[in-house]
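**Q** Structure, please.
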Amino acid sequence: MRKRNLLSLLLVSMLLCALSVVYADIGPKDQLKVYLDNPPDEPYYLDLLWQTDESFSSDNLSEEERAALDPALLEAFKRAVPDGWVPATVGGTPLPMWGDIVGHTQGAQRVHTFGYVGLPETCRILLVTESGKTILTEPITRRVLQSSVTLDCAGGSLHQPAPALALGVSFLATLLPTLLLEGILLLLFGFSLRANWKVFLLANLVTQIGLTLTVHLTMLTSGTISAHLIRVPAELVILVVETVVYRRFLTGQSPRRRTAYGILANLASWIAGFFSLDLLFRLMVSLC
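**A** Coordinates of the predicted model:
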């Protein structure tokens, strides 16, 4: 029985690692969305500025994209760039990226999206209108892989959401389904929920906090591929810890049955979490 369980666990781990490698080339990349409140009612360009004293090589505008821009407005934008800073889309970056300097309307806001591996970690936002109005923000540092900022063009204020909210939501979004799934299995294994709810709840609270601070935090900062990879050892540790706790403290069934429940419940949660990780990532990004 023990050898069979260990073999099953090993096969699941190998499968998850293999799937992570397959997905490695299509994982999410760096992205920053700039939302404009009270956007200008005249043509303008908006770009990210990055600071450098080194050479750079990647031209992030194609010939067609550059030809479609207003030469006069583009020249005015370049003149507004402060010394020591380079416009990422218009001027280039060491690694390639793409950016929407014109933006598009979304409700009462306008949205500019910048992304890919060359996206600067620390940047300023520069907006220049056709009439010569200029907005230049203080430097901001991206704290997660995909995030957003909101710039109020009327007052010039800039708001950057805190990642803590996304982590809190991810904690609840995984804890509640885990309690439901493992709670159903607890009853199917013949355990009394009334007699065992404290052990069951405490074990899941502690391990879910650990999972959030490792897997979910990694996912926010590095993406789903890194999260899939770190999830394997994290879930193995959780499986061992919870199985030991359940074998020791659950009541009403034999030690072998308590051990079997700990292994099966954690494997079920592990598999469910694996297939819902991408959905969880999109939820967290929407809050950043």
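**Q** Show me the shaky parts of this structure.
**A** Where the chain drops to pLDDT under 70, the residues are 1-26, 53-58.
**Q** Can you pull the domain assignment for it?
**A** Under the assignment automatic domain parsing, the domains of the chain span 2-27+163-286, 31-141.
**Q** For residue 148, which of the ones you listed is the nearest?
**A** domain 31-141 (4.1 Å; CB to CB). Every residue, glycine included, has its C-beta placed from N, CA and C.
**Q** how far does the closest one stretch from start to finish?
**A** 13 Å (CA to CA, to the nearest Å).
**Q** Then stretch 153-173?
**A** Terminal residues of stretch 153-173 are spaced 35 Å apart (CA to CA).
**Q** one step back: of the domains of the chain, which is nearest residue 156?
**A** It's domain 31-141; of the domains of the chain, that one is closest to residue 156 (CB to CB) at 5.7 Å.
**Q** TSV for the domains of the chain, including mean neighbour count?
**A** Below are those laid out as TSV (neighbours: other CB atoms under 10 Å):
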stretch	mean neighbour count
domain 2-27+163-286	16
domain 31-141	16
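**Q** Quick one: closest of the ones you listed to residue 157.
**A** Of all those, it is domain 31-141 that lies closest to residue 157, at 8.8 Å by CB to CB.
**Q** and the closest one, how far out from the chain's middle?
**A** Computed by CA atoms, centre = their mean, to the nearest Å, the chain-centroid distance of domain 31-141 equals 23 Å.
**Q** rewinding a little: can you redo the domains of the chain as a markdown table with distance to residue 154?
**A** Formatted as a markdown table, the domains of the chain follow (distance: least, CB to CB, whole Å):
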| stretch | distance to residue 154 |
| --- | --- |
| domain 2-27+163-286 | 25 |
| domain 31-141 | 4 |
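**Q** Can you check which of the ones you listed gets nearest to residue 153?
**A** domain 31-141 (4.8 Å).
**Q** and the residue nearest the centre of the chain, helix, strand or coil?
**A** By CA atoms, centre = their mean, the chain has its centre lying nearest to residue 220, at 3.1 Å. Put simply, residue 220 is helix when judged by DSSP: H, G, I helix; E, B strand; the rest coil.
**Q** was I right about it contacting residue 164?
**A** No: with contact defined as CB atoms under 8 Å, residue 220 does not count as touching residue 164 (10.3 Å).
**Q** quick revisit: the residue nearest to the centre of the chain - nearest residue in space that isn't next to it in sequence?
**A** Spatially, and ignoring its direct neighbours in sequence, residue 220 is nearest to residue 144 (4.4 Å; CB to CB, 6 or more residues apart in numbering).
**Q** Over to residue 187?
**A** In space, residue 187 is closest to residue 193, 6.4 Å off (CB to CB, 6+ apart).
**Q** ok, now which ones touch the one you found?
**A** The contact partners of residue 193, by CB atoms under 8 Å, 6 or more residues apart in numbering, come to 183, 186-187, 200.
**Q** Which two of those residues have the greatest separation?
**A** 187 and 200 (10.7 Å).
**Q** need the helices for the stretch 51-200 of the chain, in chain order.
**A** With helices called from DSSP state H, counting those that start in this stretch, the stretch 51-200 of the chain shows them at 63-67, 71-79, 88-91, 163-188, 193-211.
**Q** Would you mind putting those into CSV with distance to residue 238 alongside?
**A** Below are the helices of the stretch 51-200 of the chain laid out as CSV (distance: least, CB to CB, whole Å):
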stretch, distance to residue 238
helix 63-67, 48
helix 71-79, 52
helix 88-91, 41
helix 163-188, 10
helix 193-211, 5
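**Q** Next, the residue nearest to residue 220: phi, psi?
**A** Note on residue 144: backbone dihedrals following degrees, to the nearest 10 are phi -130, psi 170.
**Q** correct me, but it touches residue 286?
**A** No: at 11.9 Å, residue 144 does not count as touching residue 286 under the criterion of CB under 8 Å.
**Q** My guess is residue 97 contacts residue 121. True?
**A** No: with contact defined as CB under 8 Å, residue 97 does not reach residue 121; the gap is 11.8 Å.
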